[in-house]
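S.K.: structure, please.
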Amino acid sequence: MGARTLDLVLKAIDAGDKDKAKELAKRMKQEFNFLHDGYFFWVTGLQTYIYKNYGIEAVEEAEREAHTIEAKVVFKPPEKTDIRTRVEHLASGLRGHMQPIEIKEDDKTISLSMKPCGSGERLIQMGGYDPETGLARVNNPHPITWGKKDFPMYCVHCPVMEALELEGTGQFGAVHIVTDPIYHGACEFVFYKNPEDIPEEFYTRIGKKKPSSSKNS
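M.R.: Residues are numbered from 1 along each chain as shown. A predicted model of the protein is given here:
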């Protein structure tokens, strides 16, 4: 009972017991989901408390502080800044949500999307914002809601992370293409091969101004 499931999976593989390994792999996913889903409900509960008692500006302040700390410890940016490295780095993080990732490329962009989003969209689908659960939506448009109203509270971290990266590096990492409302359809993380091709609307919706010129990374 006290052994790590990962160790048991590897032991079953080494023993050639495929059925046991598959069974344990499914168990490991359930165990991970228990914490994964619990944490995003927990975080959104904290955000909801801040929003209801102190307002949206306090939510933005808390989000900025939290993401600055985690970037130093957990979500460290890759040392290389070429687009391939940045796409692979994002994909490695998104896989932690345990959802299939669709990757598309054209002449201008590379996009990644989960089907569905493994956190924000699943929280909606699981009833997190239903009245009986009580998680908040942001009522009015704000830069940390991409200018949208009735915005799912958990999802404000995405506009905040866009703003922080832009402020820190002068460039976007991936911009988010989202539906309105967010529930209908998966979000896309889109890398532009040439930063100058990024539409101005992606800057203005988070309260920023598009630079007059950019350089490729």
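
S.K.: which ones are touching the residue nearest to the spatial centre of the chain?
M.R.: By Cα atoms, centre = their mean, the chain has its centre lying nearest to Cys158, at 6.2 Å. Cys158 makes contact with Gly120, His176, Cys187, according to Cβ atoms under 8 Å, 6 or more residues apart in numbering. Every residue, glycine included, has its C-beta placed from N, CA and C.

S.K.: after the helix or strand where it lies comes which helix or strand?
M.R.: If you go by DSSP states H and E, Cys158 is part of helix 157-169. Of the helices and strands lying after helix 157-169 in sequence (DSSP H and E), the nearest is strand 175-177.

S.K.: helices and strands around that next one, which ones?
M.R.: helix 157-169, strand 188-192 (3 or more Cβ pairs under 8 Å, 6 or more residues apart in numbering; DSSP states H and E).

S.K.: buried sites along stretch 17-33?
M.R.: Residues of stretch 17-33 classed as buried: Ala21, Leu24 (neighbour count, 16 or more other Cβ atoms under 10 Å).

S.K.: contact partners of it?
M.R.: Thr5, Leu6, Leu8, Val9, Ala12, Ile13, Met98.

S.K.: give me the buried subset of these.
M.R.: Using 16+ other Cβ under 10 Å as the burial test, these include Thr5, Leu8, Val9, Ala12 as buried.

S.K.: ok, those residues vs Asp37, which is closest?
M.R.: Thr5 (17.2 Å; Cβ to Cβ).

S.K.: and that closest one, what does it touch?
M.R.: Taking Cβ under 8 Å, 6+ apart, one finds Leu24, Arg27, Met28, Glu31 in contact with Thr5.

S.K.: what sits closest to it if chain neighbours are left out?
M.R.: Met28 (4.2 Å; Cβ to Cβ, 6 or more residues apart in numbering).

S.K.: how close does the residue lying farthest from the centre of the chain get to Tyr51?
M.R.: Relative to the mean C-alpha coordinate of the chain, counting by Cα atoms, centre = their mean, the farthest residue is Ala15 (37.5 Å). Going from Ala15 to Tyr51 by Cβ to Cβ, to the nearest Å gives 51 Å.

S.K.: check Lys193 too.
M.R.: Taking Cβ to Cβ, one finds Lys193 at 37 Å from Tyr51.

S.K.: look at these two and report which has more neighbours.
M.R.: Tyr51 (22 against 14; other Cβ atoms under 10 Å).

S.K.: isn't that one right next to Asn140, touching?
M.R.: No - with contact defined as Cβ atoms under 8 Å, Tyr51 does not reach Asn140; the gap is 11.3 Å.

S.K.: neighbour-wise, which of the contacts of Cys158 leads?
M.R.: Gly120 (26 neighbours).

S.K.: before we move on, back to that, just put the contacts of Thr5 in a markdown table and tack on secondary structure and distance to Glu61.
M.R.: Converted to a markdown table, these look like this (DSSP: H, G, I helix; E, B strand; the rest coil; distance: Cβ to Cβ, whole Å):
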| residue | secondary structure | distance to Glu61 |
| --- | --- | --- |
| Leu24 | helix | 43 |
| Arg27 | helix | 40 |
| Met28 | helix | 37 |
| Glu31 | helix | 34 |
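
S.K.: re earlier: between the helices and strands packed on strand 175-177, which gets nearest to Ala58?
M.R.: Closest approach to Ala58 among the helices and strands packed on strand 175-177 (Cβ to Cβ): helix 157-169, 12.9 Å.
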